[in-house]
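Visitor: any chance you can model this:
(2 chains)
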Amino acid sequence: DAGVIQSPRHEVTEMGQEVTLRCKPISGHNSLFWYRQTMMRGLELLIYFNNNVPIDDSGMPEDRFSAKMPNASFSTLKIQPSEPRDSAVYFCASSGQGVGYTFGSGTRLTVV
Amino acid sequence: AQSVTQLGSHVSVSEGALVLLRCNYSSSVPPYLFWYVQYPNQGLQLLLKYTSAATLVKGINGFEAEFKKSETSFHLTKPSAHMSDAAEYFCAVSTGSNYKLTFGKGTLLTVNP
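Guide: Numbers count the residues shown, from 1 in each chain, chains lettered A, B, ... in the order given. Below you'll find the model as predicted:
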(Lines give C-alpha, C1' and ligand atoms only; values in the text may rest on other atoms or scores of the structure.)
Protein backbone atom coordinates (compact mmCIF):
# COMPACT_ATOMS: atom_id res chain seq x y z
CA ASP A 1 0.00 0.00 0.00
CA ALA A 2 1.61 3.24 -1.16
CA GLY A 3 -0.52 5.41 1.09
CA VAL A 4 -2.09 8.69 0.03
CA ILE A 5 -0.04 10.20 -2.78
CA GLN A 6 0.09 13.93 -3.33
CA SER A 7 1.80 15.88 -6.07
CA PRO A 8 3.71 18.04 -6.38
CA ARG A 9 5.56 18.09 -3.04
CA HIS A 10 6.55 21.70 -3.53
CA GLU A 11 5.09 24.39 -5.76
CA VAL A 12 6.30 27.93 -6.21
CA THR A 13 4.20 30.15 -8.42
CA GLU A 14 3.64 33.78 -9.17
CA MET A 15 0.58 35.63 -7.99
CA GLY A 16 -2.24 35.35 -10.51
CA GLN A 17 -1.21 31.98 -11.84
CA GLU A 18 -3.37 28.87 -11.70
CA VAL A 19 -2.24 26.14 -9.33
CA THR A 20 -3.44 22.52 -9.38
CA LEU A 21 -2.75 20.13 -6.54
CA ARG A 22 -3.30 16.42 -7.02
CA CYS A 23 -4.19 13.55 -4.72
CA LYS A 24 -4.49 9.79 -5.13
CA PRO A 25 -6.29 8.23 -2.15
CA ILE A 26 -5.75 4.74 -0.78
CA SER A 27 -7.55 2.15 -2.86
CA GLY A 28 -10.82 1.14 -1.23
CA HIS A 29 -11.18 4.30 0.83
CA ASN A 30 -14.43 6.05 -0.03
CA SER A 31 -13.87 9.42 1.64
CA LEU A 32 -11.35 12.07 0.66
CA PHE A 33 -10.49 15.26 2.51
CA TRP A 34 -8.50 18.38 1.61
CA TYR A 35 -6.91 20.32 4.49
CA ARG A 36 -4.81 23.47 4.59
CA GLN A 37 -2.21 24.12 7.30
CA THR A 38 -0.86 27.55 8.19
CA MET A 39 0.85 28.92 11.28
CA MET A 40 -1.97 31.35 11.91
CA ARG A 41 -4.98 29.11 11.38
CA GLY A 42 -3.66 25.61 12.01
CA LEU A 43 -5.29 22.71 10.16
CA GLU A 44 -8.47 23.71 8.34
CA LEU A 45 -10.79 21.41 6.43
CA LEU A 46 -11.43 22.83 2.98
CA ILE A 47 -13.70 20.20 1.46
CA TYR A 48 -14.48 16.52 1.68
CA PHE A 49 -15.99 13.92 -0.61
CA ASN A 50 -17.86 10.68 0.06
CA ASN A 51 -18.01 8.26 -2.87
CA ASN A 52 -16.70 11.02 -5.16
CA VAL A 53 -19.51 13.41 -4.19
CA PRO A 54 -18.67 16.69 -2.41
CA ILE A 55 -20.33 16.64 1.00
CA ASP A 56 -19.11 19.77 2.73
CA ASP A 57 -17.26 22.59 1.00
CA SER A 58 -17.96 25.23 3.61
CA GLY A 59 -14.25 25.53 4.32
CA MET A 60 -13.33 26.57 0.81
CA PRO A 61 -12.10 30.14 1.26
CA GLU A 62 -13.65 31.72 -1.82
CA ASP A 63 -14.54 31.18 -5.43
CA ARG A 64 -10.88 31.09 -6.42
CA PHE A 65 -10.74 27.61 -4.92
CA SER A 66 -12.34 24.57 -6.54
CA ALA A 67 -12.03 20.83 -6.02
CA LYS A 68 -13.03 17.85 -8.08
CA MET A 69 -13.06 14.11 -7.69
CA PRO A 70 -13.80 12.62 -11.11
CA ASN A 71 -13.27 9.05 -9.90
CA ALA A 72 -12.44 7.06 -6.79
CA SER A 73 -8.71 7.22 -7.38
CA PHE A 74 -8.06 10.89 -8.11
CA SER A 75 -8.85 14.36 -6.83
CA THR A 76 -7.64 17.85 -7.62
CA LEU A 77 -7.66 21.14 -5.74
CA LYS A 78 -7.34 24.17 -8.00
CA ILE A 79 -6.63 27.78 -7.12
CA GLN A 80 -7.23 30.33 -9.83
CA PRO A 81 -5.94 33.00 -9.59
CA SER A 82 -3.48 32.34 -6.79
CA GLU A 83 -2.59 34.97 -4.19
CA PRO A 84 0.29 35.21 -1.67
CA ARG A 85 -2.13 34.53 1.21
CA ASP A 86 -2.78 31.09 -0.30
CA SER A 87 0.74 30.06 0.67
CA ALA A 88 0.38 27.05 2.97
CA VAL A 89 0.82 23.31 3.17
CA TYR A 90 -2.13 21.49 1.62
CA PHE A 91 -2.85 17.96 2.82
CA CYS A 92 -5.04 15.32 1.30
CA ALA A 93 -6.38 12.48 3.44
CA SER A 94 -8.55 9.45 2.78
CA SER A 95 -10.59 7.15 4.99
CA GLY A 96 -12.91 4.20 4.73
CA GLN A 97 -15.62 2.64 6.84
CA GLY A 98 -14.08 1.30 10.02
CA VAL A 99 -10.59 2.56 9.26
CA GLY A 100 -8.81 5.69 10.28
CA TYR A 101 -7.76 8.70 8.29
CA THR A 102 -4.48 8.48 6.37
CA PHE A 103 -2.75 11.68 5.34
CA GLY A 104 -0.50 12.35 2.39
CA SER A 105 2.85 14.07 2.75
CA GLY A 106 1.38 17.40 1.69
CA THR A 107 2.09 20.00 -0.96
CA ARG A 108 3.95 23.10 0.18
CA LEU A 109 2.62 25.98 -1.89
CA THR A 110 4.41 29.31 -2.08
CA VAL A 111 2.82 32.13 -4.02
CA VAL A 112 5.16 35.06 -4.68
CA ALA B 1 -21.04 20.48 15.81
CA GLN B 2 -17.70 19.24 17.05
CA SER B 3 -14.60 20.95 18.37
CA VAL B 4 -11.32 20.23 20.10
CA THR B 5 -9.38 22.27 22.63
CA GLN B 6 -5.76 21.48 23.32
CA LEU B 7 -4.56 23.07 26.53
CA GLY B 8 -1.04 24.43 26.16
CA SER B 9 0.40 25.32 22.79
CA HIS B 10 3.87 24.39 24.03
CA VAL B 11 4.92 21.73 26.54
CA SER B 12 8.50 21.22 27.60
CA VAL B 13 9.73 18.12 29.49
CA SER B 14 13.05 16.57 30.38
CA GLU B 15 14.17 13.35 28.79
CA GLY B 16 12.80 10.46 30.85
CA ALA B 17 9.98 12.52 32.36
CA LEU B 18 6.26 11.92 31.99
CA VAL B 19 4.61 13.41 28.93
CA LEU B 20 1.04 14.69 29.36
CA LEU B 21 -0.69 16.50 26.51
CA ARG B 22 -4.22 17.64 27.21
CA CYS B 23 -7.21 17.47 24.90
CA ASN B 24 -10.86 18.23 25.54
CA TYR B 25 -13.55 17.74 22.96
CA SER B 26 -17.09 18.76 22.24
CA SER B 27 -19.40 16.59 20.17
CA SER B 28 -23.16 16.27 19.87
CA VAL B 29 -22.87 12.52 19.23
CA PRO B 30 -20.47 9.83 20.52
CA PRO B 31 -17.10 10.86 19.16
CA TYR B 32 -14.24 9.18 17.44
CA LEU B 33 -11.02 10.66 18.82
CA PHE B 34 -7.51 10.70 17.40
CA TRP B 35 -4.01 11.84 18.19
CA TYR B 36 -1.64 12.66 15.35
CA VAL B 37 2.04 13.59 15.44
CA GLN B 38 3.77 15.87 12.97
CA TYR B 39 7.55 16.10 12.71
CA PRO B 40 9.07 19.18 11.08
CA ASN B 41 8.31 19.45 7.37
CA GLN B 42 6.44 16.17 7.36
CA GLY B 43 2.84 14.98 7.17
CA LEU B 44 0.59 13.77 9.97
CA GLN B 45 1.12 10.32 11.40
CA LEU B 46 -1.59 8.57 13.40
CA LEU B 47 -0.50 7.80 16.97
CA LEU B 48 -3.73 6.25 18.22
CA LYS B 49 -7.49 6.36 17.90
CA TYR B 50 -10.58 5.80 20.02
CA THR B 51 -13.65 4.45 18.24
CA SER B 52 -15.98 3.44 21.11
CA ALA B 53 -14.19 0.29 22.17
CA ALA B 54 -11.79 0.20 25.13
CA THR B 55 -11.46 3.57 26.87
CA LEU B 56 -7.70 3.18 27.34
CA VAL B 57 -6.08 3.21 23.94
CA LYS B 58 -2.49 2.25 23.29
CA GLY B 59 -0.67 3.65 20.31
CA ILE B 60 2.70 3.64 18.66
CA ASN B 61 5.97 4.77 20.25
CA GLY B 62 4.75 4.05 23.79
CA PHE B 63 1.94 6.61 23.80
CA GLU B 64 -1.51 5.99 25.22
CA ALA B 65 -4.67 7.98 25.80
CA GLU B 66 -7.73 7.53 27.97
CA PHE B 67 -11.22 8.48 26.89
CA LYS B 68 -13.15 10.03 29.80
CA LYS B 69 -16.69 10.82 28.80
CA SER B 70 -17.55 12.54 32.08
CA GLU B 71 -14.68 14.96 31.58
CA THR B 72 -14.97 15.11 27.77
CA SER B 73 -11.23 14.51 27.68
CA PHE B 74 -8.77 12.42 25.71
CA HIS B 75 -5.36 13.24 27.17
CA LEU B 76 -2.21 11.76 25.66
CA THR B 77 0.49 10.33 27.92
CA LYS B 78 3.85 8.61 27.74
CA PRO B 79 5.66 7.46 30.89
CA SER B 80 9.15 8.42 29.77
CA ALA B 81 9.96 11.04 27.14
CA HIS B 82 12.60 10.43 24.53
CA MET B 83 14.40 13.04 22.49
CA SER B 84 12.78 11.63 19.37
CA ASP B 85 9.33 12.51 20.74
CA ALA B 86 9.95 16.20 20.06
CA ALA B 87 7.28 17.16 17.53
CA GLU B 88 3.87 18.79 17.24
CA TYR B 89 0.88 16.79 18.44
CA PHE B 90 -2.68 17.23 17.25
CA CYS B 91 -5.87 15.97 18.84
CA ALA B 92 -8.83 15.50 16.50
CA VAL B 93 -12.50 14.50 16.67
CA SER B 94 -14.98 13.10 14.19
CA THR B 95 -18.39 11.45 14.32
CA GLY B 96 -17.39 8.54 12.08
CA SER B 97 -14.78 7.33 9.62
CA ASN B 98 -16.50 8.97 6.67
CA TYR B 99 -17.08 12.32 8.34
CA LYS B 100 -14.89 15.35 8.66
CA LEU B 101 -12.03 15.35 11.13
CA THR B 102 -11.77 18.51 13.23
CA PHE B 103 -8.35 19.32 14.67
CA GLY B 104 -7.16 21.19 17.71
CA LYS B 105 -4.54 23.93 17.37
CA GLY B 106 -1.73 21.58 18.24
CA THR B 107 0.79 21.27 21.07
CA LEU B 108 4.49 21.57 20.40
CA LEU B 109 6.43 19.13 22.59
CA THR B 110 10.03 19.97 23.41
CA VAL B 111 12.23 17.37 25.11
CA ASN B 112 15.27 18.66 26.97
CA PRO B 113 18.35 16.50 27.53
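Visitor: now do the same contact list for the spatially most central residue of chain A.
Guide: The centroid of chain A falls nearest to A:Trp34 when counting by Cα atoms, centre = their mean (3.5 Å). Counting by Cβ atoms under 8 Å, 6 or more residues apart in numbering or on different chains, A:Trp34 makes contact with A:23, A:45-48, A:67, A:75, A:77, A:90-92. Using the backbone N, CA and C atoms, a C-beta is placed for each residue, glycine as well.
Visitor: okay, B:Leu33: pLDDT?
Guide: pLDDT, B:Leu33: 93.
Visitor: so it touches B:Ala92, yeah?
Guide: Yes: under the criterion of Cβ atoms under 8 Å, B:Leu33 makes contact with B:Ala92 at 7.3 Å.
Visitor: neighbour-wise, which of those two wins?
Guide: B:Ala92 (26 against 22; other Cβ atoms under 10 Å in any protein chain shown).
Visitor: quick one: name the residues of chain A near chain B.
Guide: A:30-31, A:33, A:42-43, A:45, A:48, A:50, A:56, A:91, A:93, A:95-106 (Cβ under 8 Å from any Cβ of the partner chain).
Visitor: take the contacts of A:Trp34 and write them to TSV, including pLDDT.
Guide: Formatted as TSV, the contacts of A:Trp34 follow (pLDDT from 0 to 100):
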residue	pLDDT
A:Cys23	98
A:Leu45	94
A:Leu46	96
A:Ile47	96
A:Tyr48	94
A:Ala67	97
A:Ser75	98
A:Leu77	98
A:Tyr90	98
A:Phe91	97
A:Cys92	97
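Visitor: coming back round to it: return the subset of the residues of chain A next to chain B lying in helices.
Guide: If you go by DSSP state H, those have nothing in helices.
Visitor: still on that earlier bit, measure the residue nearest to the residue nearest to the centre of chain A when sequence neighbours are not counted to B:Gly8 for me?
Guide: Nearest residue to A:Trp34 in three dimensions, chain neighbours excluded: A:Leu46, at 4.4 Å (Cβ to Cβ, 6 or more residues apart in numbering or on different chains). Applying Cβ to Cβ, to the nearest Å, the value for A:Leu46 to B:Gly8 is 27 Å.
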